[in-house]
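S.K.: got a sequence here, can you build the structure:
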Amino acid sequence: MEIQRYPVGLIQTNCYVLHFPDNLCIMIDPGDEAEVIDQNLEHLDFILLTHAHWDHMLALCDVKAAFPQAKLAMHSKALYSKAQQLELMDQMNPYLRTQFASRFDNLPKPDILLEDGSEIGPFKVLSTPGHTPGSVCYYDKNDGVLFSGDTLFENSYGRTDFIGGSEDDMYTSLVRLSREIPPSTKLCPGHEGISTVGQAMRFIFGSR
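M.R.: Okay, the predicted model is just below:
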């Protein structure tokens, strides 16, 4: 797997473009700057959302328009509607609504609704609620990579005080990841830098 990481948008959300030897191409979290994240792409097979917060999908409409054949996938509990995006932006900073609301006027319908244990491309889907009810991680066991969205960061974990967040659910999700994912697994989060699952868990729970 070749991983291209693009920190994009107002709060530098990580968008990942993944290329596989069989010509499969996957984009995770098209956060903004479509002209950057789809540059030089000849095709795109899947667009995967780790969760449906505005900063992870500002470029979604543009990317989907450029690659209409790409299948859009997200968890069935993703907070995906425009109304939910506006509510979240108002909670964070009302300025965001004036700047970004129009980006959600014509959200494409998801092609695939995911559940815990779903498989898509090389990934197993792990439901990890806490940051949102529909947060997921994408785990490629063969390549040893976890795309964790805003569930787990290099030195922290996602906030739980936004709409749909739950500190109890987040704790349960983090414990699950610490038990099921090998510490040496490469961690590709929704914000911050790339590290390993073990490094992140040591920061959160101490020595494993």
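S.K.: now do the SS call for the residue nearest the centre of the chain.
M.R.: In the chain, the C-alpha nearest the mean C-alpha coordinate belongs to Thr50, at 2.8 Å (Cα atoms, centre = their mean). What DSSP: H, G, I helix; E, B strand; the rest coil gives for Thr50 is coil.
S.K.: so what pLDDT did it get?
M.R.: We have a pLDDT of 98 for Thr50.
S.K.: kindly report the same for Ser207.
M.R.: pLDDT at Ser207 comes out at 49.
S.K.: what is Val125 paired to in the beta sheet?
M.R.: Counting by DSSP bridges, Val125 is bridged to Tyr138.
S.K.: ok, it - contacts?
M.R.: Contacts for Val125 (Cβ atoms under 8 Å, 6 or more residues apart in numbering) come out as 75, 114-119, 136-139. (Each C-beta comes from the backbone N, C-alpha and C, glycine too.)
S.K.: and Gly31, how far from Lys141?
M.R.: Gly31 is 26 Å from Lys141, where distance means Cβ to Cβ, to the nearest Å.
S.K.: which of those two has more neighbours?
M.R.: Comparing Gly31 with Lys141 by other Cβ atoms under 10 Å, the one with more neighbours is Gly31, at 28 against 13.
S.K.: doesn't the more buried one lie inside a helix?
M.R.: No: membership of Gly31 in a helix is not supported by three-state DSSP, which gives coil.
S.K.: can you say which of the contacts of Val125 are buried?
M.R.: Among the contacts of Val125, those classed as buried by 16 or more other Cβ atoms under 10 Å are 75, 114, 118, 136-139.
S.K.: tell me which of those is nearest to Phe147?
M.R.: Each of the buried ones among the contacts of Val125 was checked against Phe147 using Cβ to Cβ; the closest is Tyr138, at 4.3 Å.
S.K.: all helices of the protein, in order?
M.R.: In the chain, the helices defined using DSSP state H lie at 34-37, 60-66, 82-92, 94-100, 167-180, 197-205.
S.K.: thanks a lot, see you next time.
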